[in-house]
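Trainee: Predicted model, plus sequence, below.
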Amino acid sequence: MKITGRELEKNSIIVFSVTMISNIMNYMFQVAMVRMLDVEVFGLMNVLFSFITILSFPITVISLVVSKLVIEYGAGVINKAYIFIVCVMCCFLAAGILAREGLSGFINVNEIYLVVFSIVISGMQMVLFVAMGGLQGRKKFYALSLVIVVPSVFRFFGSIVFINLGWGLLGVLFSFFLGIIIAILTGVILLRDTAEQTVELIEIDKSKIIRYVGVVFFVNMGITLMTNMDNIIVNRYFSDTELGVYSVAGMLVKLIFFLSNTFTWVLFPYVVDAVNNIDSTIRLLKKAMFYGAGLSVTAAVFLIVLSRPVIEVLFGVQYIESIHYIFSLTLWIVPLSILVILSNYLLAINKANFLACSIIIGCILSFVFASLFNYEISQIINVFAVVSSFLLVVNVAVLCFIVKNQKKTVI
């Protein structure tokens with residue numbers, strides 16, 4: 001299917017607009033939690049959210065693979081994916097619960113029941129992303145946007161209710177869990193027309209799919225670790241109060257990452273379609289990079305200039321010290337955000353092997369150097385900034401080499 005007119009922009013605006021609602025709800029949630037929780041508990045909450053994200057990194061693998069298979073083999077793939085992922089989720093939950101004490105020690109959280117609940121939430125997100133991948137592959141972007149926003153809405157309102165009922169941090173996690181359940185049910189309903197569909201009778205190259213899953217797995221594991229390792233490392237080397245102050249700055253700047261990531265939901269299925277039809281895809285990348293990079297840089301400048309009034313108004317003067325981290329964080333998150341757009345393009349054209357290797361090496365280097373240079377939180381941030389910038393430059397150079405030496409161009 002060829003793209004007509006400004007279809008990429010139109011669908012990007014749809015997803016971007018609804019994702020902005022989700023981001024606003026997430027920020028309202030963070031502001032509410034700052035007001036309702038102690039500094040130490042607020043920091044612990046963000047550690048658990050980072051832990052959930054790291055445990056859940058296979059979910060992006062699920063959405064991308066399901067999306068690609070739906071485009072290539074039909075919507076009947078979704079039903080088989082649900083069955084397979086539920087089995088994987090059960091194994092994941094069993095392994096996580098058995099390893100709960102070791103995981104609790106690693107992230108420095110003493111309340112094991114909170115760690116177990118976080119593992120359960122991570123497992124449920126696997127099922128959610130089957131629905132999201134199915135909607136993405138079928139280009140149902142209105143429906144996809146609805147599924148994206150549901151968890152944020154339920155987490156915001158539910159957390160306020162349960163904290164007022166005295167549930168504390170457990171109430172926050174329960175609201176998160178409830179939002180995911182509702183989102184899964186919403187996705188199933190929106191994909192109900194696939195129930196009677198079967199996979200087309202095409203010979204499926206299982207070894208090719210396994211290789212592709214492996215590449216997607218390592219790319220997304222690396223990006224997830226690069227985005228969320230900071231909270232866990234800061235929690236290991238600094239006090240709860242310092243973690244809480246840093247979490248405010250990290251939460252603000254990471255909005256840049258989520259804004260630019262919006263374009264990848266639309267970019268990926270269109271590039272896969274273009275590759276299958278032997279059409280040019282480089283113009284799609286140029287558009288996504290232009291919009292994504294422009295949005296990232298604009299948001300970064302806004303945060304740097306207005307960080308003090310934003311923090312004072314939204315979070316209060318007790319978090320004003322977090323402004324010292326804003327500039328360094330933008331130097332880390334902006335190149336990482338652009339790298340995510342590039343990574344989705346390379347995955348769509350099946351040219352991401354080097355990317356996968358480089359990101360894993362980057363994660364190892366980040367962890368090693370952040371563990372060595374941690375006298376100040378800013379040193380940890382600078383390590384991530386240098387590594388993410390280096391990864392972006394190297395992988396852009398590799399893409400230029402691929403484009404230059406491609407004999408039969410599909411890019």
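Mentor: Cool, the structure landed.
Trainee: quick one, what contacts the residue nearest to Lys68 when sequence neighbours are not counted?
Mentor: Closest residue in space to Lys68, ignoring its immediate chain neighbours: Val272 at 5.5 Å, by Cβ to Cβ, 6 or more residues apart in numbering. For glycine as for every other residue, the C-beta is placed from the backbone atoms N, C-alpha and C. The neighbourhood of Val272, defined by Cβ atoms under 8 Å, 6 or more residues apart in numbering, consists of Ser67, Lys68, Ile71, Glu72, Ala348.
Trainee: Kindly reformat the residues you listed as JSON lines and extend each row with secondary structure.
Mentor: Output for those, formatted as JSON lines (DSSP: H, G, I helix; E, B strand; the rest coil):
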{"residue": "Ser67", "secondary structure": "helix"}
{"residue": "Lys68", "secondary structure": "helix"}
{"residue": "Ile71", "secondary structure": "helix"}
{"residue": "Glu72", "secondary structure": "helix"}
{"residue": "Ala348", "secondary structure": "helix"}
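Trainee: pLDDT weak spots in this protein?
Mentor: Within the chain, the ranges that satisfy pLDDT under 70 run 1-9, 57-60, 193-205, 278, 406-411.
Trainee: With neighbour count and distance to Leu306 as added columns, please give the contacts of Val272 in a markdown table.
Mentor: Shown next, in a markdown table, are these (neighbours: other Cβ atoms under 10 Å; distance: Cβ to Cβ, whole Å):
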| residue | neighbour count | distance to Leu306 |
| --- | --- | --- |
| Ser67 | 25 | 37 |
| Lys68 | 26 | 40 |
| Ile71 | 23 | 41 |
| Glu72 | 17 | 45 |
| Ala348 | 27 | 36 |
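Trainee: Quick check: the farthest pair among those residues?
Mentor: Glu72 and Ala348 (11.7 Å; Cβ to Cβ).
Trainee: can you pull out the helices in the stretch 51-200 of the chain?
Mentor: 58-73, 77-98, 100-106, 112-137, 141-164, 169-190 (DSSP state H, counting those that start in this stretch).
Trainee: Now the fifth one: buried residues?
Mentor: Within helix 141-164, the residues that qualify as buried by neighbour count (16 or more other Cβ atoms under 10 Å) are 141, 143-160, 162-163.
Trainee: In terms of secondary structure, what does it contact?
Mentor: helix 7-36, helix 112-137, helix 169-190, helix 255-276 (3 or more Cβ pairs under 8 Å, 6 or more residues apart in numbering; DSSP states H and E).
Trainee: Remind me what the third one packs against, helices and strands.
Mentor: Spelled out, that is helix 169-190. By 3+ Cβ pairs under 8 Å, 6+ apart, helix 169-190 packs against helix 39-55, helix 112-137, helix 141-164.
Trainee: For it, output the C-alpha coordinates as PDB.
Mentor: What follows is helix 169-190, C-alpha atoms only, in PDB (Å, rounded to 0.1, in the frame of the first residue of the first chain):
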ATOM      1  CA  LEU A 169       2.200   3.400  47.000                       C
ATOM      2  CA  LEU A 170       0.400   0.100  46.800                       C
ATOM      3  CA  GLY A 171      -2.700   2.100  45.600                       C
ATOM      4  CA  VAL A 172      -0.600   3.700  42.900                       C
ATOM      5  CA  LEU A 173       0.500   0.300  41.600                       C
ATOM      6  CA  PHE A 174      -3.000  -1.100  41.800                       C
ATOM      7  CA  SER A 175      -4.300   1.900  39.700                       C
ATOM      8  CA  PHE A 176      -1.600   1.200  37.100                       C
ATOM      9  CA  PHE A 177      -2.600  -2.500  37.000                       C
ATOM     10  CA  LEU A 178      -6.300  -1.600  36.700                       C
ATOM     11  CA  GLY A 179      -5.500   0.700  33.800                       C
ATOM     12  CA  ILE A 180      -3.600  -2.000  31.900                       C
ATOM     13  CA  ILE A 181      -6.500  -4.500  32.400                       C
ATOM     14  CA  ILE A 182      -9.000  -1.900  31.000                       C
ATOM     15  CA  ALA A 183      -6.600  -1.100  28.100                       C
ATOM     16  CA  ILE A 184      -6.300  -4.900  27.200                       C
ATOM     17  CA  LEU A 185     -10.100  -5.300  27.200                       C
ATOM     18  CA  THR A 186     -10.400  -2.200  25.000                       C
ATOM     19  CA  GLY A 187      -7.800  -3.500  22.500                       C
ATOM     20  CA  VAL A 188      -9.600  -6.900  22.300                       C
ATOM     21  CA  ILE A 189     -12.900  -5.200  21.600                       C
ATOM     22  CA  LEU A 190     -11.300  -2.900  18.900                       C
END
